[in-house]
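Q: Can you look at this prediction? I've put the sequence above it.
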Amino acid sequence: MENINSKRRRRAWISFLGAIIPEYQTDNSLLIDIGGGSTEVVFGNSKNIDFRRSLQLGVVSLKELFFSSNESLSNSSIEHARKHIVSKLSEIQETIPADTRTLAVAGTPTTLSAIINNVKNYSNELVNNTILKSEQVAGVCTQLQQMTPKEIRTSYGKIVEGREDLLVGGCLILEEFMKYFKINEVIVNTRGLRYGAIYDYLIKNNLYAINN
């Protein structure tokens with residue numbers, strides 16, 4: 001378990017680097033990385049991490065617990081899922097300063113951005129640095145909850161392909177996360193792990209300097 005947690009913390013740090021460098025490297029940022037089996041939350045900057053949490057909460061695990069059917073979801077299953085998400089988020093006791101920049105990486109926020117911005121043919125350039133407001137996320141969540149995975153795939157096409165049965169869970173995690181921390185908007189970031197791994201290597205080998 002320690003090895004798994006260590007790998008998750010490492011992944012969170014790499015995703016964080018990829019998201020904040022170069023634009024936000026010296027200012028504090030809050031990052032959420034919603035994965036399949038866990039959600040990583042990081043707060044800090046490129047030189048100092050104030051806190052980093054790996055929550056046992058992901059889109060695949062949420063689906064297995066609450067959304068195993070391929071039918072549209074019941075109000076009861078949605079309510080139970082929300083309570084489960086909030087119970088996991090409550091493990092984070094730290095207070096985040098008001099108006100903290102919040103970055104969201106991985107498939108859930110990028111797909112939601114594509115849906116909200118009516119992107120038919122996905123590309124990172126069209127999605128990176130777009131803004132998701134809390135009311136937009138809540139609205140899409142409500143809409144998706146009333147659809148089956150097949151209907152989601154039919155309605156949104158290639159941009160949801162492979163995650164049509166996971167999108168509701170990811171949307172709920174992001175919505176409850178924004179409620180929990182009283183976040184009005186998140187910045188969608190498409191870089192994450194790949195860019196973070198490059199910057200991590202460059203920093204370790206003194207090939208990239210973080211300037212204050």
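A: Structure received.
Q: ok, now which ones touch Ala81?
A: Ala81 makes contacts with Leu62, Leu65, Phe66, Phe67, Gly169, Leu172, as judged by Cβ atoms under 8 Å, 6 or more residues apart in numbering. Glycine gets a C-beta too; all of them are placed from N, C-alpha and C.
Q: Now the buried members of those residues.
A: Neighbour-count burial (16 or more other Cβ atoms under 10 Å) is assigned, among the contacts of Ala81, to Leu62, Phe66, Phe67, Gly169, Leu172.
Q: Can you convert those residues into a markdown table and add a column each for secondary structure, distance to Ser54 and pLDDT?
A: As requested, these are exported to a markdown table (DSSP: H, G, I helix; E, B strand; the rest coil; distance: Cβ to Cβ, whole Å; pLDDT from 0 to 100):
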| residue | secondary structure | distance to Ser54 | pLDDT |
| --- | --- | --- | --- |
| Leu62 | helix | 16 | 94 |
| Phe66 | helix | 21 | 92 |
| Phe67 | coil | 22 | 88 |
| Gly169 | helix | 17 | 96 |
| Leu172 | helix | 19 | 98 |
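Q: bridging residues for the closest residue to Ile131 other than its chain neighbours?
A: Among residues not flanking Ile131 along the chain, Glu185 sits closest, at 5.2 Å (Cβ to Cβ, 6 or more residues apart in numbering). For Glu185, the beta-bridge partners are Lys133 (DSSP bridges).
Q: Quick check: Glu185 touching Lys133?
A: Yes: in this structure Glu185 lies within contact range of Lys133 using Cβ atoms under 8 Å: 4.8 Å.
Q: Spit out the residues that contact the two alike.
A: What both Glu185 and Lys133 touch, as defined by Cβ under 8 Å, 6+ apart, is an empty set.
Q: Same list (the contacts of Ala81) but as CSV, adding distance to Leu17.
A: Shown next, in CSV, are those (distance: Cβ to Cβ, whole Å):
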residue, distance to Leu17
Leu62, 27
Leu65, 31
Phe66, 33
Phe67, 32
Gly169, 26
Leu172, 27
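Q: For Ala138, state which of these is nearest.
A: Of all the contacts of Ala81, Ala138 sits closest to Leu172, with 9.9 Å by Cβ to Cβ.
Q: May I see the buried residues of stretch 74-90?
A: Ser77, Ile78, Ala81, Arg82, His84, Ile85, Lys88, Leu89.
Q: for stretch 34-41, that is, sorry about that
A: Neighbour-count burial for stretch 34-41, counted by 16+ other Cβ under 10 Å, picks out Ile34, Gly35, Gly36, Ser38, Thr39, Glu40, Val41.
Q: Can you get me the start-to-end distance on it?
A: Start to finish, the residues bounding stretch 34-41 are 9 Å apart (Cα to Cα, to the nearest Å).
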